[in-house]
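Asker: compute the structure for the input listed below.
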Amino acid sequence: MIQAMDIERILKLPKLLEKKSFFLFGPRAVGKSYLIRETLKDSVVYNLLDPIVLRELAKNPKLIEQRQNDWERLIVIDEIQKLPEILNEVHRLIEEKKARFLLTGSSAKKLRSAGVNLLAGRAWEARLFPLIYKELPKRSLNDFLLLGGMPTVVLSETPWEELTAYAATYLEQEIRAEAYAKDLGQFATFLDITAMKVSEELNYQSIANDLGVSPPTIRNYFQLLEDTLLGFRLSPYHKTKKRKSTSRPKFYLFDLGITSSLLERRELVAKSDAYGKAFEHFIALELRAYLSYSRRSEKLSFWRSQSGMEVDFIVGDSLAIEVKSSESVSDRSLKGLRAFEEEGIAQRYVVVSREKVRRKIGQIEILPWKEFLELLWDDRLLS
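Answerer: Numbering: from 1, shown residues only. Here you go, the predicted model:
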């Protein structure tokens, strides 16, 4: 069984915070508090999930200044969305005392609804995601595809119970407590439908018909998932000229284990459509984490022409990636990449697969998935 000491997170908070304050956003239970405890031992921590701490700072925000005797020490405010108005005091202390803050949160919605401007550039933003392959290189692909990377799940002897409890906790603490959705039963059904449509283009009207609500309600629900960091939309790539692209985004949940739990899926059969979707989802999460942790500015998108040609992921304008879960990639699987290659935009064309040995067909590289991830995290895929 994997132990906590076996996991080394890629995100290095001490290095990140050497000269600048940061917001650290991430869904509940991805390990923000643990990472702070283990790597920022000399920091002053205010945990706003503690009702006593929350009440004290709400009554008197200046307690932070009054209790601070060394302005070289980092100040951590955990779950900042619980008290967004404290950011006025944080702003003042950064300006007047040159204080450094780490401000963590699991929801961007309340900060935005409170009119908070994220300190107008005085604090940068970082994200923490569920565990990825580089952090657990000995874990099997099947475990990643089924159970995902939530630390509480990875470290548990009863992972499925942890995943079931997480979904219930999310609905209770995030949705009910913040009154984000009036009908929790309806929203729970929406989550189930969303899990089935991961990696597909979003059709708000179709989902609205399935749920018996209006398309604007469905748009709001997807925005809610993004606000609470439990999912993300992937925009279509629009810079092609020879073939016009689709306008609908795709959507991915933030963790494969949560997806499995919502689908009540306890196994995956190789060569099945479900396996292929999970494998693509896995690569999507790896790419997203890499771009964030590496502090790269390239945008992650996908391309699909209106005639149906598709490339699963486009990174910036330079890297086109098709994901195939088969152990032998057929020539017909390359049609989308070849069509995109005709646009003359990307510098590199890659197929991520379960083939055992790397090979090349023209300009298209067919890579085993492990080799692809090693090249990605070693910064050898993007120029």
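
Asker: residues near residue 150, how many?
Answerer: Neighbour count of residue 150, defined by other C-beta atoms under 10 Å: 25. C-beta coordinates here come from the backbone N, C-alpha and C atoms, glycine included.

Asker: hang on, I meant residue 11
Answerer: Residue 11 is flanked by 20 other residues according to other C-beta under 10 Å.

Asker: isn't it up against residue 128?
Answerer: Yes - in this structure, residue 11 is within contact of residue 128 by C-beta atoms under 8 Å, at 5.8 Å.

Asker: which residues do the two both contact?
Answerer: Shared contacts of residue 11 and residue 128, defined by C-beta atoms under 8 Å, 6 or more residues apart in numbering, comprise residue 35.

Asker: so how far is the helix ranked longest in the chain off the chain centroid?
Answerer: As assigned by DSSP state H, the longest helix anywhere in the chain is helix 273-293. Put simply, helix 273-293 sits 10 Å off its chain's centre (C-alpha atoms, centre = their mean, to the nearest Å).

Asker: could you point out which element follows that helix?
Answerer: Later in the chain than helix 273-293, the nearest helix or strand by DSSP states H and E is strand 300-304.

Asker: quick revisit: export the longest helix of the chain to PDB, keeping only CA atoms.
Answerer: The C-alpha coordinates for helix 273-293 follow below in PDB (Å, rounded to 0.1, in the frame of the first residue of the first chain):
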ATOM      1  CA  ASP A 273     -15.200   2.800 -25.400                       C
ATOM      2  CA  ALA A 274     -15.200   3.500 -21.700                       C
ATOM      3  CA  TYR A 275     -11.500   2.600 -21.400                       C
ATOM      4  CA  GLY A 276     -10.700   4.900 -24.400                       C
ATOM      5  CA  LYS A 277     -12.500   7.800 -22.800                       C
ATOM      6  CA  ALA A 278     -10.800   7.200 -19.400                       C
ATOM      7  CA  PHE A 279      -7.400   7.100 -21.100                       C
ATOM      8  CA  GLU A 280      -8.100  10.400 -22.900                       C
ATOM      9  CA  HIS A 281      -9.300  11.900 -19.600                       C
ATOM     10  CA  PHE A 282      -6.100  10.700 -17.900                       C
ATOM     11  CA  ILE A 283      -3.900  12.500 -20.500                       C
ATOM     12  CA  ALA A 284      -6.100  15.600 -20.300                       C
ATOM     13  CA  LEU A 285      -5.400  15.800 -16.600                       C
ATOM     14  CA  GLU A 286      -1.700  15.300 -17.000                       C
ATOM     15  CA  LEU A 287      -1.400  18.000 -19.600                       C
ATOM     16  CA  ARG A 288      -3.400  20.400 -17.500                       C
ATOM     17  CA  ALA A 289      -1.300  19.800 -14.400                       C
ATOM     18  CA  TYR A 290       2.000  20.100 -16.400                       C
ATOM     19  CA  LEU A 291       1.100  23.500 -17.900                       C
ATOM     20  CA  SER A 292       0.100  24.800 -14.500                       C
ATOM     21  CA  TYR A 293       2.900  23.400 -12.400                       C
END
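
Asker: tell me which helix or strand of this protein sits lowest on mean pLDDT?
Answerer: None of the helices or strands of the chain scores lower by mean pLDDT, DSSP states H and E than helix 177-178, at a mean of 56.

Asker: could you point out the helix or strand that follows that one?
Answerer: The helix or strand immediately downstream of helix 177-178 is helix 184-196, counting by DSSP H and E.

Asker: and residue 372, backbone torsions?
Answerer: Per-residue torsions, residue 372: phi -60, psi -50 (degrees, to the nearest 10).

Asker: which ones are touching the closest residue to it other than its chain neighbours?
Answerer: In this structure, residue 372 finds its nearest non-sequential neighbour in residue 352, 4.7 Å apart by C-beta to C-beta, 6 or more residues apart in numbering. Neighbour list for residue 352: 283, 321-324, 367, 369, 372 [criterion: C-beta under 8 Å, 6+ apart].

Asker: who wins for most neighbours among the residues you listed?
Answerer: Sorting the contacts of residue 352 by how many neighbours each has (other C-beta under 10 Å) puts residue 321 first, at 26 neighbours.

Asker: residues in contact with the strand or helix carrying it?
Answerer: Element membership for residue 321, per DSSP H and E: strand 319-323. By C-beta under 8 Å, 6+ apart, the list of residues contacting strand 319-323 from outside reads 279-280, 283, 287, 303, 311-315, 333-334, 336-337, 340-341, 346-353, 381-382.

Asker: again, 6 Å this time
Answerer: Residues from elsewhere that reach strand 319-323, judged by C-beta atoms under 6 Å, 6 or more residues apart in numbering: 280, 283, 311-314, 337, 340, 346, 348-352, 382.

Asker: buried ones among those residues?
Answerer: Applying 16 or more other C-beta atoms under 10 Å to the contacts of strand 319-323, the neighbour count classes 280, 283, 311-314, 337, 340, 346, 349-352, 382 as buried.

Asker: appreciated, that's everything.
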